[in-house]
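S.K.: only the shape, not the letters, is given here:
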């Protein structure tokens with residue numbers, strides 16, 4: 001999907017400001033200092049991008065509908081954030097948004113940079129598992145965070161991202177969203193999103209953190225019946241119809257900025273009440289892998305330092321810092 005030129009972006013903005021009204025080609029030509037033929041060519045380009053623009057030989061042009069795009073034209077003007085996404089990169093296809101943003105980080109990309117792709121050819125989750133990233137069906141993004149955090153604390157950014165997305169899906173869309181510790185978001189027990197946090201650090205403090213997020217937005221039931229390790233779902237399946245990716249993305253970015261600032265100010269303990277409310281495993285029996293070791297027990301809560309408190313089947317309480325939850329059952 002070719003990007004708009006600066007002139008096309010300005011024409012689009014003007015048509016949006018006049019939504020519902022015709023704008024004459026002569027007025028547009030005068031405003032932007034180009035010929036009416038030039039205006040027509042720009043309008044045709046916008047139409048190829050999916051914008052529904054009515055053309056009338058006498059009245060001019062009227063914007064009827066905006067497509068569900070994640071381009072800068074559709075996201076940046078509506079962000080409403082202080083720092084997140086102000087540096088915004090939209091790609092048609094990329095191997096991995098995390099890999100791309102790591103390259104930008106090496107080129108001094110600023111704190112809060114966001115990379116979005118319509119498709120990933122090498123999308124990955126934790127433990128380098130493949131992540132389905134079909135064209136235009138989901139939200140595939142990475143966020144660059146340049147706060148210098150203690151190495152043990154920095155990965156807790158994963159919890160912030162999961163919490164923010166669960167809040168959006170539950171509070172804004174009325175869906176039964178929850179967090180499967182440490183990095184998955186579920187709706188009614190089906191996995192709708194995964195989070196992969198990567199970090200570059202000095203000995204004790206992070207140099208920067210990359211939070212990669214994949215959200216299944218408008219996948220069909222058939223597409224979600226693939227050979228996944230955990231039952232998968234999408235926002236549209238659970239909502240009963242197609243959902244605007246743009247609206248999900250904007251809501252998430254605003255929420256994440258708010259939750260991340262809360263995390264920086266108050267530490268992990270400030271998030272515990274919300275994490276407990278949105279957890280999909282607390283009070284339930286879980287089975288998890290810690291390296292090659294498999295353990296089972298009831299998830300009891302979170303320690304102030306960020307570990308999962310697990311009451312093992314042998315009656316011992318264990319603080320688990322990292323693991324892979326493979327099964328969630330009812331509580332004892």
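M.R.: Sure, I can see it. Since we're looking at a predicted model, the values are computed, not measured. Numbers count the residues shown, from 1 in each chain.
S.K.: now do the buried residues in stretch 68-78.
M.R.: Neighbour-count burial for stretch 68-78, counted by 16 or more other CB atoms under 10 Å, picks out 68, 69, 70, 71, 72, 73, 74, 75, 76. The way it works is simple: take the backbone N, C-alpha and C, and place the C-beta from them, glycine included.
S.K.: tabulate those residues (JSON lines), appending distance to residue 99.
M.R.: Below are the buried residues of stretch 68-78 laid out as JSON lines (distance: CB to CB, whole Å):
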{"residue": "68", "distance to residue 99": "26"}
{"residue": "69", "distance to residue 99": "23"}
{"residue": "70", "distance to residue 99": "19"}
{"residue": "71", "distance to residue 99": "21"}
{"residue": "72", "distance to residue 99": "21"}
{"residue": "73", "distance to residue 99": "25"}
{"residue": "74", "distance to residue 99": "24"}
{"residue": "75", "distance to residue 99": "21"}
{"residue": "76", "distance to residue 99": "23"}
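S.K.: considering the residues you listed, which is situated nearest to residue 142?
M.R.: Of all the buried residues of stretch 68-78, residue 142 sits closest to residue 70, with 13.2 Å by CB to CB.
S.K.: the closest one: what secondary structure?
M.R.: Residue 70 carries the three-state label coil when classified by DSSP: H, G, I helix; E, B strand; the rest coil.
S.K.: got it, and the one 5 residues further on?
M.R.: Under three-state DSSP, the three-state class of residue 75 is helix.
S.K.: would you confirm that it contacts residue 88?
M.R.: Yes - at 6.2 Å, residue 75 counts as touching residue 88 under the criterion of CB atoms under 8 Å.
S.K.: what residues are shared contacts of these two?
M.R.: residue 116 (CB atoms under 8 Å, 6 or more residues apart in numbering).
S.K.: looking at the buried residues of stretch 68-78, which is nearest residue 96?
M.R.: Here the nearest of these to residue 96, counting by CB to CB, is residue 70; it sits at 16.7 Å.
S.K.: out of everything not next to it in sequence, what's closest to that closest one?
M.R.: residue 116 (5.0 Å; CB to CB, 6 or more residues apart in numbering).
S.K.: who are the contact partners of the one you found?
M.R.: Applying CB under 8 Å, 6+ apart, the residues near residue 116 are 70, 75, 88, 89, 90, 91, 97, 139, 140, 141, 249.
S.K.: wasn't it part of a strand?
M.R.: Yes - using three-state DSSP, the assignment for residue 116 is a strand.
S.K.: are any of the contacts of residue 116 buried, and which?
M.R.: 70, 75, 88, 89, 90, 91, 97, 139, 140, 141, 249.
S.K.: what would the residues you listed look like in CSV with distance to residue 153, pLDDT and secondary structure?
M.R.: Output for the buried ones among the contacts of residue 116, formatted as CSV (distance: CB to CB, whole Å; pLDDT from 0 to 100; DSSP: H, G, I helix; E, B strand; the rest coil):
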residue, distance to residue 153, pLDDT, secondary structure
70, 31, 95, coil
75, 30, 96, helix
88, 27, 98, strand
89, 27, 97, strand
90, 31, 96, strand
91, 30, 94, strand
97, 24, 94, helix
139, 26, 96, strand
140, 26, 95, strand
141, 23, 96, strand
249, 27, 98, helix
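S.K.: from those, pick the one nearest residue 147.
M.R.: Of all those, residue 141 has the smallest distance to residue 147: 18.6 Å, by CB to CB.
S.K.: chain neighbours aside, what residue packs nearest to the closest one?
M.R.: Excluding the flanking residues, the one nearest residue 141 by CB to CB, 6+ apart is residue 116, at 4.8 Å.
S.K.: cool, residue 207 as well?
M.R.: In space, residue 207 is closest to residue 200, 4.7 Å off (CB to CB, 6+ apart).
S.K.: quick check on the one you found: phi, psi?
M.R.: Main-chain dihedrals, residue 200, degrees, to the nearest 10: phi -120, psi 130.
S.K.: so where do the helices sit in the chain?
M.R.: 6-17, 25-32, 36-48, 72-75, 97-106, 157-167, 235-239, 245-266, 272-278 (DSSP state H).
S.K.: so which bits of the third one are buried?
M.R.: By neighbour count, with 16+ other CB under 10 Å as the criterion, the buried positions of helix 36-48 are 39, 42, 43, 45, 46.
S.K.: do the second one as well
M.R.: Residues of helix 25-32 classed as buried: 25, 27, 28, 29, 32 (neighbour count, 16+ other CB under 10 Å).
S.K.: now the longest one
M.R.: Judged by neighbour count using 16+ other CB under 10 Å, the buried positions of helix 245-266 are 245-246, 248-260, 263.
S.K.: closest to residue 235 out of those?
M.R.: Using CB to CB, the buried residues of helix 245-266 come closest to residue 235 at residue 248, 6.6 Å.
S.K.: pretty sure that closest one sits against residue 217.
M.R.: Yes - with contact defined as CB under 8 Å, residue 248 counts as touching residue 217 (6.0 Å).
S.K.: identify the contacts common to the two.
M.R.: Shared contacts of residue 248 and residue 217, counting by CB under 8 Å, 6+ apart, come down to 139, 235.
S.K.: excluding chain neighbours, what is closest to residue 109?
M.R.: Residue 109 sits nearest to residue 144 (CB to CB, 6+ apart), 5.8 Å away.
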